[in-house]
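> next input, structure requested:
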Amino acid sequence: MTKAFLPQMKAKNHGHIVTIASALGLFSTACVEDYCASKFGAVGFHESLAHELLAEDLDGIKTTLVCPYIVDTGMFAGCEIRRELRSLIPPLEPLYTVQQSMKAILAEQQMICIPRLMYIPFLARALLPWDANVATYRFMGGDKCMLPFIKNVETKTTNGHIKSS
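Numbering: from 1, shown residues only. Below you'll find the predicted structure:
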(Lines give C-alpha, C1' and ligand atoms only; values in the text may rest on other atoms or scores of the structure.)
Protein backbone atom coordinates (compact mmCIF):
# COMPACT_ATOMS: atom_id res chain seq x y z
CA MET A 1 0.00 0.00 0.00
CA THR A 2 2.77 2.41 0.87
CA LYS A 3 4.48 1.85 -2.49
CA ALA A 4 1.20 2.60 -4.25
CA PHE A 5 0.43 5.87 -2.45
CA LEU A 6 3.79 7.28 -1.32
CA PRO A 7 4.91 8.74 -4.68
CA GLN A 8 1.78 10.94 -4.92
CA MET A 9 2.05 11.85 -1.25
CA LYS A 10 5.64 12.93 -1.82
CA ALA A 11 4.73 14.90 -4.94
CA LYS A 12 2.09 16.83 -2.96
CA ASN A 13 3.94 16.72 0.38
CA HIS A 14 0.64 15.72 1.92
CA GLY A 15 -0.81 12.61 3.52
CA HIS A 16 -0.77 10.43 6.60
CA ILE A 17 0.70 6.95 6.90
CA VAL A 18 -0.55 4.81 9.78
CA THR A 19 1.22 1.61 10.77
CA ILE A 20 -0.71 -0.79 12.96
CA ALA A 21 1.84 -2.86 14.87
CA SER A 22 1.58 -4.16 18.43
CA ALA A 23 3.16 -3.74 21.83
CA LEU A 24 4.87 -7.00 20.85
CA GLY A 25 6.67 -5.03 18.15
CA LEU A 26 8.39 -3.03 20.90
CA PHE A 27 9.20 -5.88 23.29
CA SER A 28 8.69 -9.61 22.92
CA THR A 29 7.30 -12.64 24.69
CA ALA A 30 7.91 -16.37 24.48
CA CYS A 31 6.17 -18.81 22.13
CA VAL A 32 5.05 -16.30 19.48
CA GLU A 33 8.35 -15.58 17.75
CA ASP A 34 6.78 -15.32 14.30
CA TYR A 35 4.18 -12.80 15.49
CA CYS A 36 6.78 -10.72 17.37
CA ALA A 37 9.12 -10.77 14.37
CA SER A 38 6.40 -9.50 12.04
CA LYS A 39 5.48 -6.71 14.46
CA PHE A 40 9.13 -5.74 15.01
CA GLY A 41 9.35 -5.61 11.20
CA ALA A 42 6.34 -3.30 11.01
CA VAL A 43 7.89 -0.99 13.63
CA GLY A 44 11.22 -0.99 11.80
CA PHE A 45 9.52 -0.26 8.46
CA HIS A 46 7.58 2.60 10.02
CA GLU A 47 10.62 4.13 11.73
CA SER A 48 12.71 3.91 8.56
CA LEU A 49 9.96 5.51 6.49
CA ALA A 50 9.49 8.31 9.04
CA HIS A 51 13.26 9.01 8.91
CA GLU A 52 13.17 9.02 5.10
CA LEU A 53 10.37 11.59 5.06
CA LEU A 54 12.25 13.77 7.55
CA ALA A 55 15.49 13.48 5.53
CA GLU A 56 13.61 14.62 2.42
CA ASP A 57 12.01 17.55 4.31
CA LEU A 58 8.53 16.19 3.60
CA ASP A 59 6.91 17.57 6.73
CA GLY A 60 3.44 17.52 5.15
CA ILE A 61 3.36 13.72 5.29
CA LYS A 62 2.47 12.63 8.79
CA THR A 63 3.10 9.21 10.30
CA THR A 64 1.52 7.42 13.25
CA LEU A 65 2.69 4.14 14.75
CA VAL A 66 -0.04 2.32 16.70
CA CYS A 67 1.12 -0.28 19.25
CA PRO A 68 -1.77 -1.76 21.21
CA TYR A 69 -1.53 -4.38 23.93
CA ILE A 70 -3.71 -7.49 23.45
CA VAL A 71 -7.03 -6.52 21.87
CA ASP A 72 -9.92 -8.73 22.95
CA THR A 73 -10.71 -10.18 19.51
CA GLY A 74 -10.12 -13.82 20.43
CA MET A 75 -6.85 -13.99 18.50
CA PHE A 76 -4.85 -14.62 21.67
CA ALA A 77 -7.59 -16.32 23.69
CA GLY A 78 -6.04 -17.87 26.76
CA CYS A 79 -3.07 -15.50 27.00
CA GLU A 80 -2.71 -14.51 30.65
CA ILE A 81 -0.27 -12.36 32.55
CA ARG A 82 0.30 -12.75 36.29
CA ARG A 83 -3.06 -13.01 38.12
CA GLU A 84 -2.33 -10.04 40.42
CA LEU A 85 -1.72 -7.77 37.42
CA ARG A 86 -4.63 -8.78 35.19
CA SER A 87 -6.93 -6.04 36.45
CA LEU A 88 -4.17 -3.48 35.86
CA ILE A 89 -3.58 -4.60 32.26
CA PRO A 90 -6.70 -6.36 30.95
CA PRO A 91 -7.16 -7.13 27.24
CA LEU A 92 -8.30 -4.03 25.38
CA GLU A 93 -11.82 -3.59 24.07
CA PRO A 94 -11.71 -3.23 20.27
CA LEU A 95 -13.80 -0.01 20.23
CA TYR A 96 -11.56 1.62 22.85
CA THR A 97 -8.49 0.65 20.84
CA VAL A 98 -9.95 2.21 17.67
CA GLN A 99 -10.97 5.38 19.55
CA GLN A 100 -7.50 5.84 21.05
CA SER A 101 -5.86 5.13 17.68
CA MET A 102 -8.08 7.67 15.91
CA LYS A 103 -7.38 10.33 18.54
CA ALA A 104 -3.65 9.82 17.98
CA ILE A 105 -4.00 9.92 14.19
CA LEU A 106 -6.15 13.07 14.22
CA ALA A 107 -3.73 14.74 16.66
CA GLU A 108 -0.85 13.76 14.32
CA GLN A 109 0.78 11.90 17.21
CA GLN A 110 3.82 10.02 15.92
CA MET A 111 3.40 6.98 18.16
CA ILE A 112 0.81 5.63 20.55
CA CYS A 113 1.03 2.70 22.94
CA ILE A 114 -2.37 1.52 24.17
CA PRO A 115 -2.71 1.56 27.12
CA ARG A 116 -0.09 4.16 28.06
CA LEU A 117 1.30 1.67 30.57
CA MET A 118 2.90 -0.12 27.57
CA TYR A 119 5.45 2.70 27.29
CA ILE A 120 7.08 1.39 30.50
CA PRO A 121 8.34 -1.97 29.15
CA PHE A 122 9.28 -0.26 25.89
CA LEU A 123 11.47 2.25 27.76
CA ALA A 124 12.75 -0.36 30.21
CA ARG A 125 13.90 -2.53 27.31
CA ALA A 126 15.96 0.36 25.98
CA LEU A 127 17.34 1.62 29.29
CA LEU A 128 17.83 -1.37 31.58
CA PRO A 129 20.33 -4.24 31.30
CA TRP A 130 19.08 -7.51 29.80
CA ASP A 131 18.96 -9.33 33.16
CA ALA A 132 16.80 -6.60 34.72
CA ASN A 133 14.37 -6.83 31.80
CA VAL A 134 14.23 -10.63 32.12
CA ALA A 135 13.51 -10.35 35.86
CA THR A 136 10.70 -7.85 35.21
CA TYR A 137 9.35 -10.00 32.38
CA ARG A 138 9.21 -13.05 34.67
CA PHE A 139 7.65 -11.05 37.51
CA MET A 140 4.88 -9.91 35.17
CA GLY A 141 4.31 -13.45 33.95
CA GLY A 142 5.52 -12.64 30.44
CA ASP A 143 7.61 -15.79 30.27
CA LYS A 144 4.52 -18.01 30.51
CA CYS A 145 1.66 -15.76 29.36
CA MET A 146 1.31 -17.42 25.96
CA LEU A 147 1.41 -21.02 27.21
CA PRO A 148 -2.40 -21.26 27.70
CA PHE A 149 -2.85 -19.71 24.25
CA ILE A 150 -0.45 -22.24 22.69
CA LYS A 151 -2.31 -25.09 24.41
CA ASN A 152 -5.60 -23.76 23.00
CA VAL A 153 -4.13 -23.70 19.50
CA GLU A 154 -2.65 -27.19 19.88
CA THR A 155 -5.97 -28.65 20.99
CA LYS A 156 -7.68 -27.10 17.98
CA THR A 157 -5.21 -28.55 15.49
CA THR A 158 -3.97 -31.99 14.64
CA ASN A 159 -1.12 -32.54 12.18
CA GLY A 160 -1.47 -28.97 10.95
CA HIS A 161 -5.21 -29.30 10.25
CA ILE A 162 -7.92 -27.58 12.24
CA LYS A 163 -10.21 -30.04 13.99
CA SER A 164 -13.86 -29.60 13.15
CA SER A 165 -16.25 -29.63 16.11
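
> phi, psi for the residue sitting nearest the centre point of the chain please.
Centrality entry for the chain: nearest residue to the mean C-alpha point is residue 22, 0.7 Å, by CA atoms, centre = their mean. Dihedral angles of residue 22 (phi, psi; degrees, to the nearest 10) stand at phi -170, psi 160.

> for residue 87, report the pLDDT, please.
Residue-level confidence at residue 87 comes out at 81, pLDDT.

> can you confirm residue 109 is in a strand?
No. Residue state for residue 109 (DSSP: H, G, I helix; E, B strand; the rest coil) corresponds to coil; a strand is not indicated.

> shaky segments in the protein?
Of all residues in the chain, those with pLDDT under 70 make up the ranges 157-165.

> repeat the analysis, applying 50 as the threshold.
In the predicted model, the chain carries pLDDT under 50 at residues 165.

> how about the strands in it?
Taking DSSP state E, the strands of the chain run over residues 15-20, 61-68, 111-114, 157-158, 161-162.

> Throw the ones you listed into CSV and include distance to residue 46 and mean neighbour count, thanks.
For every residue, glycine as well, the C-beta is placed using N, CA and C. Converted to CSV, the strands of the chain look like this (distance: least, CB to CB, whole Å; neighbours: other CB atoms under 10 Å):
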stretch, distance to residue 46, mean neighbour count
strand 15-20, 4, 16
strand 61-68, 5, 22
strand 111-114, 9, 20
strand 157-158, 32, 10
strand 161-162, 32, 8
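
> now those in a markdown table, with distance to residue 105?
Putting the strands of the chain into a markdown table (distance: least, CB to CB, whole Å) gives the following:
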| stretch | distance to residue 105 |
| --- | --- |
| strand 15-20 | 6 |
| strand 61-68 | 5 |
| strand 111-114 | 9 |
| strand 157-158 | 37 |
| strand 161-162 | 35 |
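
> so in this structure, which helix runs the longest?
Looking across the chain with DSSP state H, the single longest helix is helix 33-55.

> packing partners for that one?
Of the remaining helices and strands, those touching helix 33-55 by 3 or more CB pairs under 8 Å, 6 or more residues apart in numbering; DSSP states H and E are strand 15-20, strand 61-68.

> by how many degrees do that helix and strand 15-20 diverge?
Taking axes from the mean of the first three to the mean of the last three CA atoms, to 10 degrees, one finds helix 33-55 and strand 15-20 inclined to each other by 160 degrees.

> buried stuff in helix 33-55?
35, 36, 39, 40, 42, 43, 46, 49, 50, 53 (16 or more other CB atoms under 10 Å).

> thanks a lot, catch you later.
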